[in-house]
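Participant: I'll drop the sequence and a predicted model, then ask my questions.
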Amino acid sequence: MSVTPLNAHAWAIVLAAGDGSRLRKLTTTPAGIAIPKQFCSLTGDRTLLENTLHRAGSIAPRQRVCAVVAAHHRQWWQKPLWSAPEANVIIQPSNLGTANGILLPLCYVLERDPGARVVILPSDHFVRDEDVLARSLRSTTAQLAFRRDEVLLLGIEPEAVDPDLGYIVPGASDRRGAFEVAQFVEKPTPTLARALLERGAVWNSFILAARAEALMRLYERRYPEIVLEMRTAVQRELRTSSNGCAIGELYQRLPEIDFSRHVLEGQEAVLRVVPVPQCGWSDLGTLQRVASCLARMQLPVDRATSDAGRDACLNLAAQHERLQVAC
């Protein structure tokens, strides 16, 4: 990828440290090993993490694609990240919520590039039409050239009523490619979800883009002490190469913090939502959502049920088929 003025400071942060407990029934192997869903494949080919790394490459060059992973998941992330620059694989000692999971890599990125423009990508999503999402990611990233303080949330145009997802109700257009955020609604009733769709609500994908310094200001307004401690620990790691000791010590006393609830909520004045056309997006957060996604794909039975070999990643389509048979 050539470096132009628009993407010279473009970074992607891939969130891959989650434990995937909501889908554990589906992601547990016959041997009883629970594999976080980002290290599984929906159809038996590339894992969800590998798909996300490819997605990140549409907005940032390889040397500016970072992944935050969990120390206890090493057996699953080592292979897909083997070719990533060592400095771009950021290891969390433990999972203390999405806010800490974003703040840690954000501190590393800011140390390397104070002018960074970052896109945050969860690694456990499936997208049927990657080209549609890629176009939206690129256009959203380009908007950061003239948005110093705003945080852009990508909202997916719904394909169905889903009461288990979060919704964003857009407000007035800012006439620059985005909308104000009128309301967040988490897991509405089916009746409310239908009403939200009539108001033009979009699914909250948890994909967001902002200048790194703007994201950091969101944290500083709520958790200035934690920001100071995290930045100090990261600087110590980079200065002394302490093999994670400084971060490990900090994580022993950090509280668990949720990014949406504890950082974004109440700061709507600087939030904007960018609608993304329907692209077959799913967070695969429940068994029902996985089943719905597979049904829309019209996956051939022989592909869903085939075994790709001992070393293949866990095939969620095949796992779903086995659960259906067992029932």
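Facilitator: Structure received. Residues are numbered from 1 along each chain as shown.

Participant: CA only for contacts and neighbour counts going forward, please
Facilitator: Noted.

Participant: correct me, but residue 144 touches residue 212?
Facilitator: No. The criterion here is CA atoms under 8 Å, and residue 144 misses it with residue 212 at 10.2 Å.

Participant: list residues touching both of these two?
Facilitator: Between them, residue 144 and residue 212 share these contacting residues under CA atoms under 8 Å, 6 or more residues apart in numbering: residue 117.

Participant: so how far is stretch 207-219 from its chain's centroid?
Facilitator: Mean C-alpha position of stretch 207-219 versus that of the full chain (CA atoms, centre = their mean, to the nearest Å) differs by 14 Å.

Participant: ok, stretch 162-169 next?
Facilitator: Averaged C-alpha coordinates place stretch 162-169 at 16 Å from its chain's average position (CA atoms, centre = their mean).

Participant: could you give me the buried positions within it?
Facilitator: By neighbour count, and taking 16 or more other CA atoms under 10 Å as the criterion, the buried residues in stretch 162-169 are 162-163, 165-169.

Participant: one more: stretch 121-130?
Facilitator: When burial is assessed from 16+ other CA under 10 Å, stretch 121-130 yields the following buried residues: 121-127, 130.

Participant: what's in contact with that stretch?
Facilitator: Residues from elsewhere that reach stretch 121-130 (CA under 8 Å, 6+ apart): 12-16, 37-38, 42, 48-49, 51-53, 55-56, 133, 206-208, 279-284.

Participant: now secondary structure and distance to residue 108 too, for the buried residues of stretch 162-169, in TSV please.
Facilitator: As requested, these are arranged in TSV below (DSSP: H, G, I helix; E, B strand; the rest coil; distance: CA to CA, whole Å):
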residue	secondary structure	distance to residue 108
162	coil	36
163	coil	36
165	coil	31
166	strand	29
167	strand	31
168	strand	30
169	strand	33
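
Participant: and which of those is nearest residue 25?
Facilitator: Nearest to residue 25 out of the buried residues of stretch 162-169 is residue 165 (CA to CA; 19.5 Å).

Participant: wait, that closest one touches residue 190, no?
Facilitator: No. Proximity of residue 165 to residue 190 does not meet the contact threshold set by CA under 8 Å, at 10.7 Å.

Participant: distance from stretch 220-235 to the middle of the chain?
Facilitator: Computed by CA atoms, centre = their mean, the separation of stretch 220-235 from the middle of its chain amounts to 22 Å.

Participant: strands of the stretch 101-250 of the chain, start to end?
Facilitator: If you assign secondary structure with DSSP state E, counting those that start in this stretch, the strands in the stretch 101-250 of the chain sit at 117-122, 126-127, 151-156, 166-173, 179-186, 202-211.

Participant: and the fourth one with strand 202-211, angle?
Facilitator: Regarding strand 166-173 and strand 202-211, their directions subtend 70 degrees when assessed with axes from the mean of the first three to the mean of the last three CA atoms, to 10 degrees.
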